[in-house]
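Participant: Sequence and predicted structure, then a few things I'm wondering about:
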Amino acid sequence: MAQKTKKSGGGKKKIKYFDYTLLFIIIFLVGFGLVMLYSTSSYNAQLKMNDSAYYLKKQLFASILGFCGMFVMARTNYHFWLNLSWLAYLGSLGLCVAVIFKGTNLNGSTRWLKIGPLSFQPSEMAKISVILFLSALISLSAKRVRELATVFKLLMVIAPVVIIVAMSNLSTAIIILGISICLIFVASPKYLQFFLMGGLVAAFGAIYIFAERYRADRLLVWLHPEDFEKGYQTLQGLYAIGSGGLFGKGLGESMQKLGFLPEAQNDMIFSIICEELGLFGAICVILLFLLMIWRFLVIANNAPDLSGALIVVGIMAHIAIQVILNIAVVTNSIPNTGVTLPFISYGGTSVAILLTEMGLALSVSRGIRLEMV
Amino acid sequence: MFRYKTFNRQKAMVIFVCVLFMMTFLMGRLVYLMVFCSEYYGQKAEDLHERERDIKAARGKIIDATGVVLAANKTVCTISVIHNQISDPEAVIAALTKELGIAEEKVRARVEKVSSIERIKSNVDKETGERIRAYGLSGVKVDEDYKRYYPYDTLASKVLGFTGGDNQGIVGLEVKYDEYMQGTNGKILTLTDARGVEIENAGESRLDPIDGNDLHISLDYNIQMYAEQAAGKALAQKQADSVSIIVMNPSNGELMAMVNVPEFNLNDPFTLNYEPQQAVTEEEKQNLLNNMWRNQCINDTYEPGSTFKIITTTAALEEGVVSLSDQFFCPGYITVEDRRIHCHKRTGHGAEDFVHGIMNSCNPVFIDVGLRVGPKRFYDYFESLGLLKKTGIDLPGEAATIMHSKENIGLVELATMSFGQSFQITPIQLVTTVSSIINGGRRITPHFGVAVKDGDGNTVKEFTYGAQEGIVSTETSEKVRFLLGQVVSEGGGKNAKIAGYEIGGKTATSQTLPRSANKYISSFLGFAPASDPKVMVLVIINNPQGVYYGGTIAAPVAKEIFEDILPYLDIPFDEEAAKENEVR
């Protein structure tokens, strides 16, 4: 933790805080992600686009854009963005509606909006908008959050975006819902109602899964990936993980990325990390994410006010949910859902918005004031 | 503005602890997958990535008694293209069109086809392959392969046989000794991507092929050549359907030559060696090919005719029912039960002793002798001389003897059998049986295979063949040799006589079934030296046009062969006898 000392009027030394640890982790993860993305995607890129750096270039461009966003966010006071959060929320709601009608179809699902030469995934933006908007709302009604009615009101407010996102991208909708529940959970002093809510969600989830045949099939595929054609990707991922061993085959030496594991640079990139860097590398990556989440906890718990803390809690929930879901899917610990690994999986919108989000967290960290004794 | 309270901190901590717990679980799951399941998944992945490529093993050679290689291997190349690795398609198309002599459109179609590997041409000779390799074009693969090659094209085609596409023996010695000559193919294991394209610098594990062993046979290239020339000449002169010649060492059964003209080209076995009269379907062509590949010496049976009188003589001598000085009278026919059986000389041979009976090949004499032996005992000799069994020659598809059953042999059957009719044996059976009679009574197994040696000449296996001693007494054996010597020196086989060499033999002229077709088989069986046989020759001319008497047309062919091979085999030449003959 680097500290910046600044003389202030009263002769009392005030220390301006900036979380350089978090910044370092972010830079490291993005750099590491780019290396792994190039390693994983160069074969596919050469084959399909005739340019082995095709995906790398796009991701690099998005990362640079993201770092700019991060810089701007970190430099501005987050209260400014909190005041504008309703606009962001409505904007992303509008874009999510637009994607249903005017979206571009890629890989069988309509999740992208084409703006000139760039394609943009509004559901990624919905996540950060919900974090900001809900943080602003909760801090306005902090006293009433203990009431169940308020909890439901808050949930109703984000319901439209969850439903609209769910129409095209169920897993992102689940993430948004998860983030929201975490925010309300932290804001509310109660425990019991959340346990009840958790039970209710689990029950509905079970009904939801067994109500429709194809979701039940998905469960079977999860349990026995060898026996189903749809288990192909999962199985190939397991082959990659298993063949990594303790220290892996070495960077760039993956065999599974050579067309065996389809679209390896997307959701399944973690399995290629396992194959190339082994158990050692994989655990390092998980620990790095854990360290990042730990920094969020520290920032949140030292935030100057509730709204700042909630923003960082939301970001923490966002990263944690995605990392856990992604790795759980890759290791076939849960049925397959398309969740990307933050900073590492290929996806321009995702990485640009994530970096901007990190800027918000850094901005909150700047608000921390330590007093030197 | 609200402050962040302690309970908020606690709850954030709760979330963090949950995250910690789940991440620990995931790390545990990773440990399970990457340590305990690593071998299982790793192996499965490897199976998925590895491609196996065979390296063909060279097939063993077939080498004759003098060291001449009769079947060898030629290195050929298979040219293929890998679409993704081609950098300059036009250059590839131009080069392949030029070198392989294939139409440009065909080459273009294959070069431009998007596939992992596309074969352009196989069985390309080595020089062309080298030239294509010298272009250094990326994406063009030149793989070496072996192809069976027969340096003498048609020589002993029906004996050697040939191999199929995977270098496996199909007919002849190639199939009989396949297990020795077939090597063990090697393997190259390479890593490939999902499309099957090999990964460069991935390192390949290689299992070297083990070449097949060489087969050494008793066939002698020179004798085979002499015999084929003589047979070819007879075939052309007599416009016969086919001519078969067997040359064997009667004392141990080693075959020195086996000819069946017309032979076929072993390097092109799927082309008929004649123009079919009319267009044939694929199926008909296959039948014609099967016929062309037949080795008549062992796959076909025939009525041996008068050469079989050697066996009748043996049986009678062994039984003691005839002595060389016994007197006979031939009126031109003999009546058996109600049948009158003619002698080939309708006017009859008149009074003659047994020696002259065989010299004249007189049917009534042999019918008389045969009847003296009697049906049951005659049949027993058939059996004890080994005529009812196959000879056991080391070639596939030997035909069995076609014979009356024992109960059905009446006097008429016996009479016809005594001069070699009404039953059928293979030519190799006749040669083997007569050899066994004249070699002192040792039933030998005719064979080609002598030994199997590896590439460095170390013997891997030496073949031994069973022999049955004492099938006839040495006295009988000696008497038969004497009688057959008389047949050639002064009797019906005198056309095979060579001054200075003592040759024994017997002629035969048999009519094929149906008799009404008036087709004949003329044959001559001879051996030299008559008193101590070193070589036996059987000549069979199938359906000759014009004169068809064995003594007239088959004996001279045998003589021609003897003239060539007796000096070659260092058979003692009696100069005085030769001079004496000239003077006379």
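Facilitator: Perfect, I can see it now. Since the model is a prediction, treat every value here as computed from it, not as a measurement.
Participant: Only C-alpha atoms from now on, for both contacts and neighbour counts.
Facilitator: Noted.
Participant: and stretch A:45-59, which residues are buried?
Facilitator: Neighbour-count burial for stretch A:45-59 flags A:Ala45, A:Ser52, A:Ala53, A:Tyr54, A:Tyr55, A:Leu56, A:Gln59 (criterion: 16 or more other Cα atoms under 10 Å in any protein chain shown).
Participant: so what does the helix or strand containing the fifth one touch, helix or strand wise?
Facilitator: When you say that, I think you mean A:Tyr55. Assigned by DSSP states H and E, A:Tyr55 belongs to helix A:54-75. Packing partners of helix A:54-75 (3 or more Cα pairs under 8 Å, 6 or more residues apart in numbering or on different chains; DSSP states H and E): helix A:20-49, helix A:348-366.
Participant: Out of those, the one nearest A:Thr234 is which?
Facilitator: helix A:20-49 (16.7 Å; Cα to Cα).
Participant: Quick one: list the elements packing against that closest one.
Facilitator: Counting by 3+ Cα pairs under 8 Å, 6+ apart, helix A:20-49 packs on helix A:54-75, helix A:269-301, helix A:348-366.
Participant: and those helices, which is most packed in?
Facilitator: Greatest average neighbour count among the helices and strands packed on helix A:20-49 goes to helix A:348-366 (a mean of 26), per mean count of other Cα atoms under 10 Å in any protein chain shown.
Participant: and that helix with chain B, contact?
Facilitator: No. Contact of helix A:348-366 with chain B (Cα under 8 Å from any Cα of the partner chain) is absent, the minimum separation being 13.0 Å.
Participant: Just the CA atoms from that helix would do, formatted as CSV, please.
Facilitator: This file holds the C-alpha atoms of helix A:348-366, laid out as CSV (Å, rounded to 0.1, in the frame of the first residue of the first chain):
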residue,chain,number,x,y,z
GLY,A,348,-13.6,-6.7,-25.9
THR,A,349,-16.7,-5.2,-24.2
SER,A,350,-16.1,-7.3,-21.1
VAL,A,351,-12.5,-6.3,-20.6
ALA,A,352,-13.1,-2.6,-21.4
ILE,A,353,-16.0,-2.3,-19.0
LEU,A,354,-14.2,-4.4,-16.3
LEU,A,355,-11.3,-2.0,-16.4
THR,A,356,-13.6,1.0,-16.2
GLU,A,357,-15.2,-0.7,-13.2
MET,A,358,-11.8,-1.2,-11.6
GLY,A,359,-11.4,2.6,-12.1
LEU,A,360,-14.5,3.0,-9.9
ALA,A,361,-13.0,0.8,-7.2
LEU,A,362,-9.7,2.8,-7.3
SER,A,363,-11.7,6.0,-7.1
VAL,A,364,-13.3,4.7,-3.9
SER,A,365,-9.9,3.7,-2.6
ARG,A,366,-8.7,7.3,-3.1
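Participant: now the angle between helix A:269-301 and it, please.
Facilitator: 20 degrees (axes from the mean of the first three to the mean of the last three Cα atoms, to 10 degrees).
Participant: could you say what helices and strands helix A:348-366 packs with?
Facilitator: Helix A:348-366 is packed against strand A:13-17, helix A:20-49, helix A:54-75, helix A:78-83, helix A:122-140, helix A:269-301, helix A:306-330, with contacts defined by 3+ Cα pairs under 8 Å, 6+ apart.
Participant: mind checking how far the third one is from the chain centre?
Facilitator: Right, helix A:54-75. The chain centroid and the centroid of helix A:54-75 are separated by 16 Å under Cα atoms, centre = their mean, to the nearest Å.
Participant: so can I have JSON lines of the helices and strands packed on helix A:54-75 showing distance to B:Pro331?
Facilitator: Formatted as JSON lines, the helices and strands packed on helix A:54-75 follow (distance: least, Cα to Cα, whole Å):
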{"stretch": "helix A:20-49", "distance to B:Pro331": "98"}
{"stretch": "helix A:348-366", "distance to B:Pro331": "117"}
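Participant: Export the ones you listed to JSON lines and append columns for mean pLDDT.
Facilitator: Compiled in JSON lines, these are given as follows (pLDDT from 0 to 100):
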{"stretch": "helix A:20-49", "mean pLDDT": "92"}
{"stretch": "helix A:348-366", "mean pLDDT": "93"}
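Participant: From the buried residues of stretch A:45-59, pick the one nearest A:Val30.
Facilitator: A:Gln59 (9.8 Å).
Participant: Correct me if wrong: the closest one contacts A:Thr349.
Facilitator: No. Proximity of A:Gln59 to A:Thr349 does not meet the contact threshold set by Cα atoms under 8 Å, at 9.1 Å.
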